[in-house]
Structure formats: structure tokens, C-alpha cells
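Engineer: any chance you can model this:
(one chain, ligands or ions: 1)
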Amino acid sequence: MKAQLIAIDGPVAVGKSSVGLRLAKRLGYIFFDTGMIYRAFTWKVLKSGISPEDEQKLCHLATTTEFDFIPSKQGALSFFVDGEDVSSRLLSAEIEGLVALIAKIAGVRQAMVSEQRKLAQRGKVVMAGRDIGTVVLPWAELKIFLTASTEERARRRHKELLRRGQNSSLEIVLADLKRRDEMDINRTVSPLKPAEDSIIINTENLSLEQVVDKIYSLAINL
Ligand code: C5P
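Structural biologist: Numbering: from 1, shown residues only. Coordinates of the predicted model:
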């Protein structure tokens, strides 16, 4: 039997998106990187001018914002906010600096989780995030939790930024990664942690393809 819903969780820059996208392509599934919906909402918050401290207004904004996810030719999803395609704007430093703070708010998470579950109803989805196995899709047939040391993850993210032609300093990347990890792990609502029935894969000494191969064989041999 083949897993229809696959959850991949793990900390910042552990490779969830690279692994998830390749895995989804191989299986012919949709890949949903849930970090992008928190980023898309943060984009809307910045545009609205609402203070990131004003939880009440942010919760209201989350429930009145319209999200849409449309599969693109590359196999990933394009993210639409109130009808506008914001996909190319979600990796900015401004959003990166604010997103973990916004993602701590319970009412915001509730609205985002409901969007994520709506998409999962289509089936055949690989969903990556922090709380997919524990909160969003605890019924997923396969739950993976990826790990790697903070230094290794910072090196990977730094390399990726340079490859994309962006300015990057390893020290700044490492500091930002530690800051976001700290917020994700210690928040009271849906903290980052492996589900009890998840399979933990330490990716430290594995290539991307080796990680994908491992999860693929687990997914098709349920
Ligand atoms: O994965 P990515 O770095 O794009 O996620 C951006 C932020 O969104 C994370 O730092 C985290 O705070 C939040 N997030 C979350 N739950 C998820 C996915 C992302 O809280 N399922």
C-alpha cells in the first residue's frame, strides 16, 4: 500500500522543501510547504499595517484573508492571497524576520491549519512544516521528522542563498536560524517536536537523493 498523506517535519533549513518536492514529484503527489502559508500571511500583515503585537486584529485578519494554492508546472504550489500571486515575494528578509513571531499566535495558527487540512482533503499530498505530524495531520500514514545540527543547517542555507545570487553571511544565517528554532521549539501552541509515531531521519551525512530514496521506499511499502 502507498501512503496517501505524508508529513515531513523538522527545523529551519533541514531540507524539508528540497526533499518534499522531489519526493512528491516521484510519487506524482502535490507538495505543500506550509511555511509558505505563514509567510504569505506575514506578507499580508506587513501590507495591512497592523502591529505584529496586536493579536486580536491579527486573528481577525487571518480568518478574513482568502488563500488559494494552485499547482505550478514545476510541481510546487503557487500561493495566492486575496487573489494575488505572492509566491515570488515570500523569501524576503522582512518576512523572514517576522514570520516566527506571527506563527506563535494561536488564532492565526488555527486559521492556517484549517487551510492546510482543506488542501490535504484532495489526498496524495506531501506536506512539510513544523507541526504536520503532531497537529495538522495526525492521521497521516507516514510521518517523517528530519534533523541535522544547527551548524550543518546554517551551512546549507548559506550555500542556497549564495546560489540564488543573494548576499549572505554564515554568521548572520546561523544567528537567524537559532533565533527561529528557539521560537518554534519553545512556543506554547504547536511547538516543533517529532510526533510519537514519526520516523526520525538524521540527514547530517546523507545526500538529498539518499534522504528522498529512504522516504520513498517507506511511502510505497506501507
Ligand atoms: O519553513 P519556513 O522556514 O519557510 O517557515 C517559516 C516559519 O513559519 C517558521 O520559522 C515557523 O515559525 C513557521 N511555521 C510554523 N508551522 C509550520 C510551518 C512553518 O510555525 N507548519
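Engineer: residues in contact with L218?
Structural biologist: Residues near L218 by C-beta atoms under 8 Å, 6 or more residues apart in numbering: A3, L142, I144, I199. All C-beta atoms are positioned from the backbone trio N, CA, C, and that covers glycine.
Engineer: make it 7 Å
Structural biologist: L142, I199 (C-beta atoms under 7 Å, 6 or more residues apart in numbering).
Engineer: and the host helix or strand of it, what's buried?
Structural biologist: Using DSSP states H and E, L218 sits within helix 208-220. In terms of neighbour count (16 or more other C-beta atoms under 10 Å), helix 208-220 has its buried residues at V211, V212, K214, I215, Y216, L218, A219.
Engineer: run a quick neighbour tally on P194.
Structural biologist: P194 has 17 neighbouring residues, counting by other C-beta atoms under 10 Å.
Engineer: isn't there a helix covering it?
Structural biologist: No - assigned with DSSP: H, G, I helix; E, B strand; the rest coil, P194 falls outside any helix and is coil.
Engineer: returning to that earlier point: which one of the buried residues of helix 208-220 is nearest the ligand?
Structural biologist: For those, the closest approach to the ligand (C-beta to the nearest ligand atom) belongs to V211, at 16.3 Å.
Engineer: need the next SSE after the longest helix along the chain, C-terminal direction.
Structural biologist: Of all segments of type helix in the chain, defined using DSSP state H, the longest is helix 170-186. Moving toward the C-terminus from helix 170-186, the next helix or strand (DSSP H and E) is strand 199-202.
Engineer: mind listing the strands for this protein?
Structural biologist: For the chain, applying DSSP state E gives strands covering 5-9, 30-33, 67-71, 77-81, 84-85, 125-129, 142-147, 199-202.
Engineer: export the last one as PDB, just CAs?
Structural biologist: Put plainly, it is strand 199-202. What follows is strand 199-202, C-alpha atoms only, in PDB (Å, rounded to 0.1, in the frame of the first residue of the first chain):
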ATOM      1  CA  ILE A 199      10.400   8.200  11.800                       C
ATOM      2  CA  ILE A 200      13.400  10.300  12.700                       C
ATOM      3  CA  ILE A 201      16.000  10.700   9.900                       C
ATOM      4  CA  ASN A 202      19.300  12.400  10.700                       C
END
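Engineer: the ligand contacts on this structure?
Structural biologist: When proximity is defined as C-beta under 6 Å from any ligand atom, the chain approaches the ligand at 12, 34-35, 38-39, 99-100, 103, 129-131, 180, 184.
Engineer: which parts of stretch 58-77 are buried?
Structural biologist: Within stretch 58-77, the residues that qualify as buried are L58, C59, L61, A62, T65, F67, D68, F69, A76, L77, counting by 16+ other C-beta under 10 Å.
Engineer: ugh, wrong one, stretch 108-128
Structural biologist: Within stretch 108-128, the residues scored as buried using 16+ other C-beta under 10 Å are 108-109, 111-113, 115-116, 119-120, 125-128.
Engineer: same question for stretch 179-188.
Structural biologist: Buried residues in stretch 179-188, counted by 16+ other C-beta under 10 Å: R180, D181, M183, D184, R187.
Engineer: wait, the second one touches V12, no?
Structural biologist: Yes - D181 is within contact range of V12, at 5.9 Å (criterion: C-beta atoms under 7 Å).
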